[in-house]
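*Asks:* coords below, sequence missing:
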């Protein structure tokens, strides 16, 4: 019988053993069921927010069950923002690192699948030796004690997956790759959300600076008027000094806003993968459009859409598979080996008659005593699963909280802007009337100072309320998962290979 015949029989036996292995040990993974009572809020939320006759005051409609666009930030209709995000997705190191992590995890998973196949090694050795003729007969067929020996050999080794330990190991590696895939999506979503929030914050700071500069100009004009009145003896010098103090306070309020703006510009450059001196796009609130139609994912679908929840699910899947690996380590393992080759004193005689050899072997190993290590490893795997299950539930709860908070914030922001605009209009009218009364000498100067401060505060509050609507709208898109599932393959994942 030739070696090849033995090898075919050996491989057939291995295949038969693999087929007889049946189900893999350990639990089959199933995603934990979502509670049927899961929801966003027990308070009935309106499907449409109130409108205000002011910039960024339009009503927003909430559409339950509507889907999210893949590039959700385009709903703000800002080309500079679109360009900034496109640059960031190509240049930000966190995306590059996540892409590399995904490539690594996929390669490891592919490498792990190699355990399903036999290991085949080929080797060739060549040596020159002299036999001890004084103690034993020469082993060379020629009888010459000095000889060259050339050996070519192929070795085959295979460990059948009798109890599914290999399958569970591969399953765990594939789940880790899934976790990295969704970690990449989470990085993608976090980066785009942070960029939108940063752009809105810059826009709000620019508008606050512009409003403060307008207030400073108005207070400067008023100071000139008061100085003329003082020169004519119409008002006391104390009123002039009080206005000088008010003007200085407004000028002082401008400095931290300018500082925040510069730092915000640095932050945007950082998120875009640029250095601070590489000036990114500029934003103000008038360059952004508040999305009017907003989607709302149904509760049952949220766990499918949130990247962080999908990461937690993949980690739970990994932990489940590791239980099977730990159990399989406690069970018998079969190793099948075989080898064939040729050995000759002359290279050109290799593979000629009489030079061939082969071997076939099988070994069965059953762990008997390991100091309790295998049992404790199995218990540790189950504890790791319990930990991953708790972390998965925590991720789900956080996802629902984020959506509920965002929904309430949208409704609250609309009412806040309405109140802020009303307060600003009232404060502006009060300041106009008070200034006129001061010019006519009908009211005291402290009344004017109070009116100026009230208007300044309400003007800034209105800008902040406008910015909050943009920020919380972006937060809703982020809380719902960002629409990554509407891309057959994300731009970032395509780069990951």
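*Replies:* Thanks, I have it. Note that the coordinates shown come from a computational prediction; the quantities given were computed from them, not determined experimentally.
*Asks:* any weak-confidence spans in the chain?
*Replies:* Low-confidence segments of the chain, defined by pLDDT under 70: 1-22, 42-45, 134-143, 489-497.
*Asks:* if we use 50, what do you get?
*Replies:* By pLDDT under 50, the weakly predicted segments of the chain are 1-21.
*Asks:* may I have the phi/psi pair for the residue nearest the centre of it?
*Replies:* Central residue of the chain (Cα atoms, centre = their mean): residue 186, 2.0 Å from the mean position. Dihedral angles of residue 186 (phi, psi; degrees, to the nearest 10) stand at phi -70, psi -40.
*Asks:* tell me where the stretch 151-300 of the chain has strands.
*Replies:* 293-296 (DSSP state E, counting those that start in this stretch).
*Asks:* can you pull out the helices in it?
*Replies:* Applying DSSP state H, counting those that start in this stretch to the stretch 151-300 of the chain gives helices spanning 165-231, 237-271, 299-305.
*Asks:* how big is the angle separating the first one from helix 237-271?
*Replies:* Put plainly, it is helix 165-231. 160 degrees (axes from the mean of the first three to the mean of the last three Cα atoms, to 10 degrees).
*Asks:* other SSEs contacting helix 165-231?
*Replies:* Helices and strands touching helix 165-231, by 3 or more Cβ pairs under 8 Å, 6 or more residues apart in numbering; DSSP states H and E, are helix 79-91, helix 93-112, helix 237-271, helix 307-328, helix 445-479, helix 491-496. Heads up, the C-betas are built off the backbone N, CA and C, glycines and all.
*Asks:* out of the ones you listed, flag the one nearest residue 33.
*Replies:* Residue 33 lies closest to helix 307-328 among these, at 12.4 Å (Cβ to Cβ).
*Asks:* buried set for the closest one?
*Replies:* By neighbour count with 16 or more other Cβ atoms under 10 Å, helix 307-328 contains the buried residues 307-328.
*Asks:* next: stretch 282-298.
*Replies:* 283, 285, 287-288, 290-291, 294-297.
*Asks:* same question for stretch 422-438.
*Replies:* In stretch 422-438, counting by 16+ other Cβ under 10 Å, buried: 423-424, 427, 430-431, 434-435, 438.
*Asks:* and which of those residues is nearest residue 191?
*Replies:* residue 424 (34.8 Å).
*Asks:* do you know how far the closest one is from residue 57?
*Replies:* Counting by Cβ to Cβ, to the nearest Å, the gap from residue 424 to residue 57 is 12 Å.
*Asks:* if we can go back for a sec, what about the buried residues of stretch 422-438, which are in helices?
*Replies:* 423-424, 427, 430-431, 434-435, 438 (DSSP state H).
*Asks:* got these as CSV, with distance to residue 340 columns?
*Replies:* Converted to CSV, those look like this (distance: Cβ to Cβ, whole Å):
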residue, distance to residue 340
423, 91
424, 91
427, 95
430, 101
431, 99
434, 104
435, 104
438, 108
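*Asks:* so which of the helices and strands packed on helix 165-231 is the most surrounded?
*Replies:* Across the helices and strands packed on helix 165-231, averaging neighbours per residue (mean count of other Cβ atoms under 10 Å) puts helix 307-328 on top, at a mean of 24.
*Asks:* next SSE downstream of that one?
*Replies:* strand 333-344 (DSSP states H and E).
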